[in-house]
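Colleague: Next comes the sequence, and after it the predicted model I'd like to discuss.
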Amino acid sequence: MAAAAPPPPPAPVPSPPYTVPEDKTPVGHPVFARIRLAQPSDVPHIHKLIHQMAVFERLTHLFAATEASLASTLFNSPPFQSVTVFLLEVSSQPFPEQSQNPLYPPKIQVVNLDLPIDDPEREVFKSGGSDVIVVGFVLFFPNYPTFLAKPGFYVEDLFVRECYRRKGFGRLLLCAVAKQAVKMGYGRVDWVVLDWNVNAIKFYEEMGAKISQEWRTCKLTGDSLQAYGNTN
């Protein structure tokens, strides 16, 4: 008599989205990190981040941005065609499923921290959920390096809040811009760094960036710029 056929294997149980990979034992304190396109509802957080950046860079005397001015200028063109902002958020829980922007689906990964982060501004920077916290941002726009005859991206600002620094979050933001540049066939990503910010300089060099010592930044702004409006 033929042996009975073995029962079919049980159907696999679906895993919840964006969980810690099963083949990796969490080290320390894992958090979920998400980079996504900013939207108009994020303006209050963006404004607070820019102000904190001005404080860190000792340039609050130049800070004139308002929520209204940001809202009226940041979102007038499709992403990557003009000014684009990536926001970095973290959560101790997997991010919930949500509608995705087809131009840039959110990038999510697990970051293993040695110690939990004590965030004194947690309530101020909550974003779209009780456990989702805004950590930082990067603002960039297209430029055109003529020697390459290819478009590129210019990073105007990259900022991570103080209690989240030196944990790999700045690298995530810069990598996201560089990856988008490669995806679009662009030839370069440019930015500047303050000469006293030795930690940032070291970080950028470790990422493979070339620091140009021979270039100086020039700015025409304020009354000096407005004076040209009165010329023929």
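Modeller: Sure, I can see it. Note that the coordinates shown come from a computational prediction; the quantities given were computed from them, not determined experimentally.

Colleague: Please point out which parts of the strand ranked longest in the chain sit buried.
Modeller: Taking DSSP state E as the assignment, the strand of the chain that covers the most residues is strand 133-143. Within strand 133-143, the residues scored as buried using 16 or more other Cβ atoms under 10 Å are Ile133, Val134, Val135, Gly136, Phe137, Val138, Leu139, Phe140, Pro142. (C-beta placed from N, C-alpha, C; glycine too.)

Colleague: Show me what it packs onto, helices and strands only.
Modeller: Contacts of strand 133-143 with other secondary structure elements, assessed using 3 or more Cβ pairs under 8 Å, 6 or more residues apart in numbering; DSSP states H and E, are made with helix 43-56, strand 84-91, strand 152-160, helix 169-183.

Colleague: Any idea which of these gets closest to Phe203?
Modeller: Distances from Phe203 to each of the helices and strands packed on strand 133-143 were compared by Cβ to Cβ, and the smallest falls on helix 169-183, at 6.7 Å.

Colleague: circling back: any idea which of the helices and strands packed on strand 133-143 gets closest to Ile117?
Modeller: With respect to Ile117, and counting by Cβ to Cβ, the nearest of these is strand 84-91 at 8.1 Å.

Colleague: and the helix or strand just after that closest one, average pLDDT?
Modeller: Next helix or strand after strand 84-91 toward the C-terminus (DSSP states H and E): strand 107-113. The predicted model gives strand 107-113 an average pLDDT of 95.

Colleague: could you dump strand 107-113 to CSV, C-alpha only?
Modeller: Listed in CSV are the C-alpha atoms of strand 107-113, where the atom choice follows Å, rounded to 0.1, in the frame of the first residue of the first chain:
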residue,chain,number,x,y,z
LYS,A,107,13.6,54.9,3.3
ILE,A,108,13.5,53.0,6.5
GLN,A,109,16.2,51.1,8.4
VAL,A,110,17.1,50.0,11.8
VAL,A,111,19.9,51.8,13.7
ASN,A,112,21.4,50.1,16.7
LEU,A,113,22.4,52.5,19.4
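
Colleague: Would you mind listing the buried residues in it?
Modeller: Buried residues in strand 107-113 (16+ other Cβ under 10 Å): Lys107, Ile108, Val111.

Colleague: Show me what it pairs with in its sheet, parallel or antiparallel.
Modeller: Paired strands of strand 107-113, with direction, are strand 29-37 (antiparallel) (DSSP bridges).
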